[in-house]
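Enquirer: task: produce atomic coordinates for the following.
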Amino acid sequence: MKRLPFFSLLLVAASVIPAAGQTSAPAAQKPSAAVSTGPAKVAVIAFQAAVSQTNEFQRDFADLQKKYDPKRQQLKTLSDQIDTLTKQLQDQGPQLGEAERISRARVIDDKKKQLDRDTQDAQSDFQGDLQQLINGVAVKVGALMTDYAQKQGYTLVLDAGDQQNATVLYAVPQTDITKAIIDAYNVKSGIPAPPPESSGTNQPGGVDAPQPQPAPAH
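Expert: Predicted coordinates:
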């Protein structure tokens, strides 16, 4: 009898980044006066996917999950205790006196309240740590993307991964620089790809690794 998916401690990470707060691509920078005007060269990027698929983010996200493993186990232990006490009360209730039934019910209720409080606190702490991780990597990915766009001669880069404020309705695959940015960032950071067992996929607690968000209509 599971009342509370304590495993929401690590959020419902069908998409990790939106769960902790939106990470937007950096604001467009005005080109310097030295840039010559000519035909527009446009690129698109799924910025959230670029952030979440870097080796650095994958490594640090796996470390963050491990950090919260003890708390997750504590919540599971408490949840199991509540289940056991509840079953005992249901099975033994008819043989117990009214005062004993009330006492046991009160203990169960207190434990449920404690579980709710502890889970909410853990979720809040986890979200704070996750948002800090996201923001730290996003700033560096944004800087690299800007440098890449300038060197490649792009005059405009649109965020194709922003589903809430969709501005890209059509884009050919050749304009998508998401993978190029991820690869360039990984090379610059020098951080190797995490091994499969620690990359964030199918981690305890039901958290899946953030998945890339392809540009619409590719």
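Enquirer: stretch 71-90 - what's its average pLDDT?
Expert: Across stretch 71-90, pLDDT averages out at 96.
Enquirer: what number of residues lie near Asp69?
Expert: With neighbours defined by other CB atoms under 10 Å, the count for Asp69 comes to 14. Glycine gets a C-beta too; all of them are placed from N, C-alpha and C.
Enquirer: Thr44 - that's part of a strand, no?
Expert: No Thr there; residue 44 is Val. Yes: per DSSP: H, G, I helix; E, B strand; the rest coil, Val44 lies within a strand segment.
Enquirer: I figured it hits Leu158, correct?
Expert: Yes: assessed by CB atoms under 8 Å, Val44 is found in contact with Leu158 at 5.0 Å.
Enquirer: spit out the residues that contact those two alike.
Expert: Taking CB atoms under 8 Å, 6 or more residues apart in numbering as the contact rule, the neighbours common to Val44 and Leu158 are 168, 171.
Enquirer: look at these two and report which has more neighbours.
Expert: Between Val44 and Leu158, Val44 has the larger neighbour count (other CB under 10 Å), namely 25 against 18.
Enquirer: and the gap between the more buried one and Leu156?
Expert: According to CB to CB, to the nearest Å, Val44 stands 9 Å off from Leu156.
Enquirer: and the helices in this protein?
Expert: For the chain, the helices defined by DSSP state H cover 16-20, 47-52, 55-67, 69-92, 98-152, 178-189.
Enquirer: any idea which of the ones you listed gets closest to Gln164?
Expert: Comparing those against Gln164 with CB to CB, the closest turns out to be helix 16-20 (8.7 Å).
Enquirer: hmm, back to that, highest average neighbour count across the helices of the chain?
Expert: Most buried of the helices of the chain by mean neighbour count (mean count of other CB atoms under 10 Å) is helix 47-52; its value is a mean of 27.
Enquirer: who does that one touch, helix- and strand-wise?
Expert: helix 16-20, helix 55-67, helix 98-152, helix 178-189 (3 or more CB pairs under 8 Å, 6 or more residues apart in numbering; DSSP states H and E).
Enquirer: got the CA coordinates for that helix in CSV?
Expert: Extracted as CSV, the C-alpha positions of helix 47-52 are listed here (Å, rounded to 0.1, in the frame of the first residue of the first chain):
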residue,chain,number,x,y,z
PHE,A,47,19.3,24.3,-25.8
GLN,A,48,18.0,22.3,-22.8
ALA,A,49,19.0,19.1,-24.5
ALA,A,50,22.4,20.5,-25.3
VAL,A,51,22.9,21.3,-21.6
SER,A,52,21.6,18.0,-20.3
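Enquirer: and of the helices and strands packed on helix 47-52, who's closest to Leu75?
Expert: Closest approach to Leu75 among the helices and strands packed on helix 47-52 (CB to CB): helix 98-152, 5.9 Å.
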